[in-house]
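J.: Quick one: sequence plus predicted model below, questions after.
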Amino acid sequence: GAGVSQSPSNKVTEKGKDVELRCDPISGHTALYWYRQSLGQGLEFLIYFQGNSAPDKSGLPSDRFSAERTGGSVSTLTIQRTQQEDSAVYLCASSLVSGGGETQYFGPGTRLLVL
Amino acid sequence: QKEVEQDPGPLSVPEGAIVSLNCTYSNSAFQYFMWYRQYSRKGPELLMYTYSSGNKEDGRFTAQVDKSSKYISLFIRDSQPSDSATYLCAMSELGYSGAGSYQLTFGKGTKLSVIP
């Protein structure tokens, strides 16, 4: 595809339910990032995947959050037992790793609302 | 104190004005500096990218980095209504630490409105 795509674009769920958010990176991009954008908090890093290396999970806010990347392409961010404070826009980005400071291209985001 | 500070605005200017957007940071390890533009209900898109100190110009946009002061700026000349968006500064450290990544640290964004 031409850019990073994410689905669903919007998700409303009830507190305590699990949700899965999907990201399709740009073809050929080996690095994939998840960020969260909350009102008043800005964009916060969640997790990073690069090839077959162990992911950098240092930004995940709790063990309710997990992510997978299958076949070096599509990624799924899972939030278990959702809480109201999980309501935010979840953004995915991908990039070509070129040794540092590579450009990250963002998808449109998934807007999650936990009632 | 957060690693990256950015005035959230909102900032409202008349069409044709020069706009100055700024961020300060505390982490001296930051080496890559970026400005992203985000329209309402869209993902951020890269506007400008600079490495280390200095100026970079691209059309009506100029990015400026002063590492000694830990201060970066984005200038928009002849601002247009289509420039109305939220502008996010972002930074990353040089190199791959092994345990870390090329994660970006963002400012909170400045919401800009250019009035026709």
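T.: Arrived safely. Here the structure is a predicted model, which is why all the values come from computation and not from measurement.
J.: Now the phi/psi pair for residue 53, please.
T.: If you meant another chain, say so; for now it's chain A. phi -70, psi 160 (degrees, to the nearest 10).
J.: hm, I was asking about chain B
T.: Dihedral angles (degrees, to the nearest 10) for B:Ser53: phi -80, psi 160.
J.: which residues touch it?
T.: Applying C-beta atoms under 8 Å, 6 or more residues apart in numbering or on different chains to B:Ser53 gives the contacts B:Val65, B:Asp66, B:Lys67, B:Ser68. Placement of C-beta: from N, CA and C, glycine included.
J.: could I get the residues you listed as a markdown table with distance to A:Leu96 and secondary structure?
T.: A markdown table is the format used below for those (distance: C-beta to C-beta, whole Å; DSSP: H, G, I helix; E, B strand; the rest coil):
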| residue | distance to A:Leu96 | secondary structure |
| --- | --- | --- |
| B:Val65 | 23 | strand |
| B:Asp66 | 29 | strand |
| B:Lys67 | 26 | coil |
| B:Ser68 | 31 | coil |
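J.: Most neighbours among those, please name it.
T.: Taking other C-beta atoms under 10 Å in any protein chain shown as the neighbour criterion, B:Val65 ranks highest of the contacts of B:Ser53 with 23 neighbours.
J.: where in chain B is pLDDT low?
T.: For chain B, applying pLDDT under 70 flags the ranges B:1, B:94-101.
J.: Identify the residue spatially nearest to residue 115, adjacent ones excluded.
T.: Using chain A here. A:Glu14 (5.5 Å; C-beta to C-beta, 6 or more residues apart in numbering or on different chains).
J.: Chain B, not that one
T.: In space, B:Ile115 is closest to B:Pro14, 5.4 Å off (C-beta to C-beta, 6+ apart).
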